[in-house]
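[1] What follows is a protein structure lacking sequence information:
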């Protein structure tokens, strides 16, 4: 499948957002180590996100202090769950929007290959531009609908799929699960209604061969961990 190159969009170049004094300590409490370069990249990203938000709808959160907590730290709660992934492992983010959680994850784990799937062309163009500006060579952006790439060349390619603020689990599972290898995981950042969403998604999860492994409470929300089961065995051809 060919992908037409998107025209570059003017990327804002504002002053990087100053990190809170306790950022490194709060990240460490999550189990995430941030060096000076990672902190600088996070501030650069958040500054550009807020500046671009004045031109297109990327985030409803515009207070700088709140952005660090509800975007950066919320995204980083996923990082400890990726600790078992070796360098070169593949992570896909479904419905990336303005880049959370994928961009902070890519900053914290530059050794992982992170693919952002975002159907809105303008948002995808922003993601490409900001990844280039930040020097995130481990980031790839696909401006396509997740259900389409999940049926095509990205099917079963990833070790982990992530998503945040895309939709309820019953809607998300059929988008994320096809992208993951058998035995891989789907990590969904959810709110306090995670249990309710899981209950209503039981049939869908079974259809997608997903098992609910655990739900983890974090300082910023909850993470639902799903495990993809083994591939279905091929049925032998019917003899006539």
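    Everything's here; your move. Note that this is a predicted model, so its numbers are computed, not measured.

[2] which SS state does residue 57 fall under?
    Secondary structure state of residue 57, per DSSP: H, G, I helix; E, B strand; the rest coil, is coil.

[3] any idea how far residue 120 is from it?
    Counting by Cβ to Cβ, to the nearest Å, the separation of residue 57 from residue 120 is 10 Å. Every C-beta, even on glycine, is put in place using the N, C-alpha and C of the backbone.

[4] So between the two, which is more surrounded?
    For residue 57 versus residue 120, neighbours defined as other Cβ atoms under 10 Å are more numerous around residue 120 (16 against 12).

[5] Thought residue 99 was touching residue 49, still the case?
    Yes. When contacts are counted by Cβ atoms under 8 Å, residue 49 is listed as touching residue 99 (6.8 Å).

[6] Return the set of buried residues in the longest helix along the chain.
    Longest helix in the chain by number of residues (criterion: DSSP state H): helix 36-52. In terms of neighbour count (16 or more other Cβ atoms under 10 Å), helix 36-52 has its buried residues at 38-39, 41-52.

[7] can you give me the strands for the protein?
    Taking DSSP state E as the criterion, the chain contains strands spanning 90-94, 113-117, 139-142, 158-164, 180-190, 210-218, 221-228.

[8] Tell me which residue lies nearest the centroid of the protein.
    Closest to where the C-alpha atoms of the chain average out (Cα atoms, centre = their mean) is residue 93, at 3.4 Å.

[9] Dig out what it forms beta bridges with.
    Taking DSSP bridges, one finds residue 116, residue 162 as the beta-bridge partners of residue 93.

[10] contacting residues around it?
    By Cβ atoms under 8 Å, 6 or more residues apart in numbering, the contact list for residue 93 reads 101-102, 105, 114-117, 161-163.

[11] What of residue 71?
    Listed by Cβ under 8 Å, 6+ apart, the contact partners of residue 71 are 46, 49, 59, 61, 100, 104.

[12] Kindly state the pLDDT recorded for it?
    In the prediction, the pLDDT value recorded for residue 71 is 96.

[13] now residue 142: how far from residue 183?
    Here residue 142 is placed at a distance of 23 Å from residue 183 (Cβ to Cβ).

[14] neighbour count winner among those two?
    Neighbour comparison, residue 142 and residue 183: the larger count goes to residue 142, with 21 against 11 (by other Cβ under 10 Å).

[15] Hmm, residue 148 and that one touching each other?
    No. With contact defined as Cβ under 8 Å, residue 142 does not count as touching residue 148 (9.4 Å).

[16] Do I have it right that residue 38 meets residue 108?
    Yes. Counting by Cβ under 8 Å, a contact exists between residue 38 and residue 108, whose distance comes to 6.0 Å.

[17] wait, what's in contact with residue 228?
    Taking Cβ under 8 Å, 6+ apart, one finds 177, 180-186, 208-210 in contact with residue 228.
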